[in-house]
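>>> Whatever this is, show me its structure:
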Amino acid sequence: MKLSMICENIKELQSQLIKQYGLEQLWLNEKPDYIEVNYIKVPKDKRKSGIGTAVIKEIQKYAQDSGKKIILLANPEKRKKSSLNRFYNNLGFKRKRSTDYSLPSHTHTWDNI
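The predicted structure is shown next:
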(Lines give C-alpha, C1' and ligand atoms only; values in the text may rest on other atoms or scores of the structure.)
Protein backbone atom coordinates (compact mmCIF):
# COMPACT_ATOMS: atom_id res chain seq x y z
CA MET A 1 0.00 0.00 0.00
CA LYS A 2 1.28 3.46 -0.86
CA LEU A 3 2.18 5.64 2.09
CA SER A 4 0.23 8.54 0.61
CA MET A 5 -2.95 6.47 0.97
CA ILE A 6 -2.49 5.85 4.69
CA CYS A 7 -1.11 9.21 5.85
CA GLU A 8 -3.61 11.76 7.05
CA ASN A 9 -1.39 14.83 6.80
CA ILE A 10 1.82 15.98 5.16
CA LYS A 11 3.93 15.78 8.35
CA GLU A 12 2.93 12.14 8.80
CA LEU A 13 3.86 11.45 5.18
CA GLN A 14 7.17 13.25 5.67
CA SER A 15 8.00 11.15 8.73
CA GLN A 16 7.06 7.89 7.00
CA LEU A 17 9.09 8.71 3.86
CA ILE A 18 12.19 9.52 5.93
CA LYS A 19 11.82 6.25 7.78
CA GLN A 20 10.99 4.03 4.79
CA TYR A 21 13.65 5.37 2.43
CA GLY A 22 16.37 6.31 4.91
CA LEU A 23 16.42 9.95 3.83
CA GLU A 24 18.86 12.28 5.54
CA GLN A 25 16.34 15.12 5.32
CA LEU A 26 12.92 15.89 3.89
CA TRP A 27 11.10 19.17 4.45
CA LEU A 28 7.45 19.35 3.35
CA ASN A 29 4.74 21.93 4.07
CA GLU A 30 1.07 21.86 3.22
CA LYS A 31 -0.62 25.10 2.22
CA PRO A 32 -4.32 25.56 1.39
CA ASP A 33 -3.74 25.22 -2.38
CA TYR A 34 -0.46 23.37 -2.70
CA ILE A 35 2.19 21.13 -1.19
CA GLU A 36 5.58 22.76 -0.78
CA VAL A 37 8.67 20.55 -1.09
CA ASN A 38 11.53 22.52 0.40
CA TYR A 39 14.32 19.96 0.62
CA ILE A 40 15.06 16.32 -0.11
CA LYS A 41 18.40 14.75 0.76
CA VAL A 42 19.10 11.15 -0.19
CA PRO A 43 22.29 9.72 1.40
CA LYS A 44 25.20 9.76 -1.08
CA ASP A 45 25.59 5.97 -0.96
CA LYS A 46 21.91 5.52 -1.93
CA ARG A 47 21.74 8.00 -4.81
CA LYS A 48 20.96 6.72 -8.32
CA SER A 49 18.93 3.87 -6.80
CA GLY A 50 15.42 5.23 -7.46
CA ILE A 51 14.79 6.52 -3.95
CA GLY A 52 14.34 10.14 -5.04
CA THR A 53 11.88 9.09 -7.73
CA ALA A 54 9.91 6.94 -5.29
CA VAL A 55 9.73 9.78 -2.74
CA ILE A 56 8.54 12.31 -5.33
CA LYS A 57 5.91 9.86 -6.63
CA GLU A 58 4.57 9.37 -3.09
CA ILE A 59 4.34 13.14 -2.66
CA GLN A 60 2.64 13.47 -6.07
CA LYS A 61 0.07 10.83 -5.09
CA TYR A 62 -0.64 12.59 -1.81
CA ALA A 63 -1.00 15.93 -3.63
CA GLN A 64 -3.27 14.42 -6.26
CA ASP A 65 -5.47 12.80 -3.61
CA SER A 66 -5.63 16.17 -1.82
CA GLY A 67 -6.43 18.07 -5.02
CA LYS A 68 -3.32 20.21 -4.69
CA LYS A 69 -0.40 21.11 -6.89
CA ILE A 70 3.21 20.85 -5.78
CA ILE A 71 5.66 23.71 -5.57
CA LEU A 72 9.19 22.39 -5.42
CA LEU A 73 11.77 24.85 -4.16
CA ALA A 74 14.91 23.24 -5.55
CA ASN A 75 18.26 24.35 -4.23
CA PRO A 76 20.74 22.26 -6.22
CA GLU A 77 24.19 21.37 -5.01
CA LYS A 78 27.07 22.91 -6.90
CA ARG A 79 27.32 21.63 -10.50
CA LYS A 80 24.05 19.64 -10.14
CA LYS A 81 21.59 22.18 -11.60
CA SER A 82 21.11 20.57 -15.04
CA SER A 83 20.79 17.01 -13.70
CA LEU A 84 18.28 18.21 -11.10
CA ASN A 85 16.27 19.96 -13.83
CA ARG A 86 16.19 16.73 -15.88
CA PHE A 87 15.18 14.69 -12.84
CA TYR A 88 12.20 16.93 -12.04
CA ASN A 89 11.19 17.39 -15.69
CA ASN A 90 11.10 13.60 -16.09
CA LEU A 91 8.66 13.46 -13.16
CA GLY A 92 6.31 15.98 -14.77
CA PHE A 93 7.50 19.17 -13.09
CA LYS A 94 7.81 22.39 -15.06
CA ARG A 95 10.35 25.03 -14.22
CA LYS A 96 8.54 28.20 -13.30
CA ARG A 97 9.96 31.63 -13.74
CA SER A 98 8.08 33.84 -11.38
CA THR A 99 7.83 37.50 -10.59
CA ASP A 100 7.50 36.39 -6.97
CA TYR A 101 11.06 37.14 -5.92
CA SER A 102 10.55 35.47 -2.55
CA LEU A 103 10.76 32.13 -4.40
CA PRO A 104 14.15 30.72 -5.41
CA SER A 105 15.02 30.94 -9.09
CA HIS A 106 14.96 27.14 -9.30
CA THR A 107 11.26 26.72 -8.50
CA HIS A 108 9.39 23.87 -10.23
CA THR A 109 5.67 23.17 -10.21
CA TRP A 110 3.55 20.05 -10.69
CA ASP A 111 -0.21 20.37 -11.03
CA ASN A 112 -1.58 17.11 -12.40
CA ILE A 113 -4.68 17.20 -10.23
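
>>> how long is stretch 68-85 end to end?
With CA to CA, to the nearest Å as the measure, stretch 68-85 spans 22 Å from end to end.

>>> low-confidence ranges in the chain?
1-5, 74-81, 96-108, 110-113 (pLDDT under 70).

>>> which stretches of this protein form strands?
Under the criterion DSSP state E, strands of the chain are mapped to 25-30, 34-41, 69-73, 94-95, 107-110.

>>> Format those strands as JSON lines; extra columns: mean neighbour count.
Any C-beta I mention is one placed from the backbone N, CA and C, and that applies to glycine too. Listed next are the strands of the chain as JSON lines, based on neighbours: other CB atoms under 10 Å:
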{"stretch": "strand 25-30", "mean neighbour count": "16"}
{"stretch": "strand 34-41", "mean neighbour count": "18"}
{"stretch": "strand 69-73", "mean neighbour count": "21"}
{"stretch": "strand 94-95", "mean neighbour count": "12"}
{"stretch": "strand 107-110", "mean neighbour count": "19"}
